[in-house]
Structure formats: structure tokens, C-alpha cells
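Asker: Quick one: sequence and predicted model below, then my questions.
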Amino acid sequence: MTEYATEWREAGACLAADPDLFFPIGAGGAAGPEAERALRICDGCVVKRQCLDFAMRHGEANGIWGGTTPEERVRVLRGRNRRPGRRDWREAPSVALVS
């Protein structure tokens, strides 16, 4: 079994929220209201960067992670894959995912 350093999760703004909120059913507009609520929770989270880093490193294809939608994370990864020599998702083209 693989273990990941996830102690940052204990400080997440989402800790008291319903986990289903961060995995809305539907895509695009159908998931909009739930996704927007989840993203608002992420906005003020002190561990948003660690959450996004975890999602990107572990290929989380679903859900709201680090204040991003699956579509936003895919766009970053596609941008990274177009440029040879990149070793880390954070080396992707300048995309303001986390402030």
C-alpha cells in the first residue's frame, strides 16, 4: 500500500464540508452550482497549494482540488506536455490556478 504525506488535509477549509460537494455529479454546467460552492470554500483555504500539488502529482482526474476543477487541471497538464523537458506540473505555462 502506498502512503502519501497528507497531514496538510487536517488544516483544509473543506474538513467540515460534505465531501460529496467536492465531487459534483455531472459535467460542465450540470455540476456548476455544487462546483461553485466547493470553489468558494477553497478560496480562503490555507492549504490550497498543497491540495492542488497532491492532486496534480497523483493524477486526480475528478473533483475539486486546490481550488481547481478537473478541466483546469487537464489544461495545465496539456500545456506542460506540449513542451519537452518539463519535469513537474508546476513548470507548466503560466496559469494562475492558485493565488
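Answerer: Received it, and whenever you're ready, just let me know what you need.
Asker: going forward, measure contacts between C-alpha atoms and count neighbours the same way
Answerer: Fine.
Asker: what about residue 73, distance to residue 11?
Answerer: Per C-alpha to C-alpha, to the nearest Å, residue 73 is found 22 Å from residue 11.
Asker: who's more crowded, these two?
Answerer: A count of neighbours by other C-alpha atoms under 10 Å puts residue 73 above the other of residue 73 and residue 11, at 23 against 12.
Asker: Figure out the helix or strand that that one lives in.
Answerer: helix 70-81 (DSSP states H and E).
Asker: Show me which residues of that helix are buried.
Answerer: 70, 73, 76-77, 79-80 (16 or more other C-alpha atoms under 10 Å).
Asker: what's the lowest-pLDDT member of those?
Answerer: The member of those with the lowest pLDDT is residue 80, and it reads 67.
Asker: the helices in the protein, which residues?
Answerer: 32-43, 48-57, 70-81 (DSSP state H).
Asker: buried ones in stretch 43-60?
Answerer: For stretch 43-60, the neighbour count (16+ other C-alpha under 10 Å) marks 45, 47-56 as buried.
Asker: Which residue, other than its chain neighbours, is closest to residue 65?
Answerer: In this structure, residue 65 finds its nearest non-sequential neighbour in residue 52, 5.4 Å apart by C-alpha to C-alpha, 6 or more residues apart in numbering.
Asker: so what's the one you found up against?
Answerer: Applying C-alpha atoms under 8 Å, 6 or more residues apart in numbering to residue 52 gives the contacts 65-68.
Asker: Take these and write them to JSON lines, including neighbour count, distance to residue 17 and pLDDT.
Answerer: Output for the contacts of residue 52, formatted as JSON lines (neighbours: other C-alpha atoms under 10 Å; distance: C-alpha to C-alpha, whole Å; pLDDT from 0 to 100):
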{"residue": "65", "neighbour count": "25", "distance to residue 17": "14", "pLDDT": "95"}
{"residue": "66", "neighbour count": "25", "distance to residue 17": "15", "pLDDT": "95"}
{"residue": "67", "neighbour count": "25", "distance to residue 17": "14", "pLDDT": "95"}
{"residue": "68", "neighbour count": "21", "distance to residue 17": "17", "pLDDT": "94"}
